[in-house]
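task: produce atomic coordinates for the following.
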Amino acid sequence: MQKQIKYKFNLKILLNCLVIALAILLIITPSSALEKDVEKSLPSLQIHPLPTPLKEWENQPYSGDYFEQIQPSVGGYLLWSEFPIKIYFDRPDNPDDTAATTRRFNQWVNAVEQSINEWNNYLPITEIYRAELADIIIERSEPPIEPKIDPETGQMQIPRAKTAQTRYEFYIKNKKLSHKMIIQISPRLSAIATLSAVRHELGHGLGIWGHSLDENDVLYWSQVSASIPISARDINTLKKIYEQPTRLGWPLPN
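Residues are numbered from 1 along each chain as shown. Next comes the predicted model:
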């Protein structure tokens, strides 16, 4: 007797898989025909209203930007359209513990809080205490080392260990294309280095998906010894990103 197997599909999971698969296909085979197929399955590119703090920034003297270094994703520019942006970050279970490990953890937390307060001057941000509800998650963990194959030699390349990293994920929420940012900051860094790393990676998380060539900008491409404050060029670039069309935050086509 043949067994009948029934499958129960979760529509949300299927839609999420579709978005991820389409993004991968576009990266692997960027043909014009494939791009058109992807565009039919995703929301059209549209512009969201400029957040109030960035709108008020227009009154500041212009000092340049590095917008040409910013890369849009298959979903468009990686900006946020619902505010405040919800951030979750790791905290010690017992912050009042006097152990050295807890003191170092608290220093890490202080650096994260300071970075959030600084960026909060330009985009509304709030801390939440449930990771699953967050737009941005900041983890106190070592970023993974990802070996790569050298296309010329065929040999495995082991990169140097990273101290900070940001990645993004697409998903469907309320039938809209959404994204989540995951930031990993090493617990091995000094207090000043942690502040610099979080400030830099949070810039990525807020939408600056690229690097500056100027060492006086927070999003400078290389690590520097000094703690660089958020520059006017950083904010000019952020503002220009939020003026661009994106598929994020818009409903999927019927």
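
contact partners for the residue positioned nearest the centre of the chain?
Centrality entry for the chain: nearest residue to the mean C-alpha point is Gly205, 3.0 Å, by Cα atoms, centre = their mean. Residues in contact with Gly205 (Cβ atoms under 8 Å, 6 or more residues apart in numbering) are Ile136, Thr166, Met181, Ile183. Yep, even glycine has a C-beta here, placed from its N, CA and C like the rest.

among those residues, which pair sits farthest apart?
Ile136 and Thr166 (8.9 Å; Cβ to Cβ).

so what's the residue count around Gly210?
When neighbours are defined as other Cβ atoms under 10 Å, Gly210 has 18 of them.

tell me which helix or strand it sits in.
Of the helices and strands defined by DSSP states H and E, none includes Gly210.

hmm, it is touching Gln69, no?
Yes - counting by Cβ atoms under 8 Å, Gln69 is a contact partner of Gly210 at 4.2 Å.

and Ile136 and Thr166? which has more neighbours close in?
Neighbours were counted for Ile136 and for Thr166 using other Cβ under 10 Å; Ile136 has more, 24 against 19.

pretty sure that one contacts Pro84?
No - Ile136 lies out of contact with Pro84 (Cβ under 8 Å); the separation is 11.1 Å.

which stretches in this structure count as helices?
In the chain, the segments counted as helices under DSSP state H are 11-28, 32-41, 52-56, 100-119, 191-205, 232-241.

check the offset of the fifth one from the chain's centre.
So the one you mean is helix 191-205. 12 Å (Cα atoms, centre = their mean, to the nearest Å).

circling back: now, the contacts of Gly205 that are in strands?
Counting by DSSP state E, the contacts of Gly205 place Ile136, Thr166, Met181, Ile183 in strands.

from Ser41, how far off is the first one?
According to Cβ to Cβ, to the nearest Å, Ile136 and Ser41 sit 26 Å apart.

end to end on stretch 166-186, go ahead and measure it.
Stretch 166-186 has an end-to-end distance of 12 Å (criterion: Cα to Cα, to the nearest Å).

residues contacting the residue lying closest to Ala226 once chain neighbours are set aside?
Take Ala226 and drop its neighbours on the chain: the residue closest to it by Cβ to Cβ, 6 or more residues apart in numbering is Ser196, 8.0 Å away. Listed by Cβ under 8 Å, 6+ apart, the contact partners of Ser196 are Gln223, Val224, Ala226, Ser227, Ile228.

does the last one touch Asp214 like I think?
Just to be clear, that refers to Ile228. No - applying Cβ under 8 Å, one finds Ile228 not in contact with Asp214, separated by 9.9 Å.
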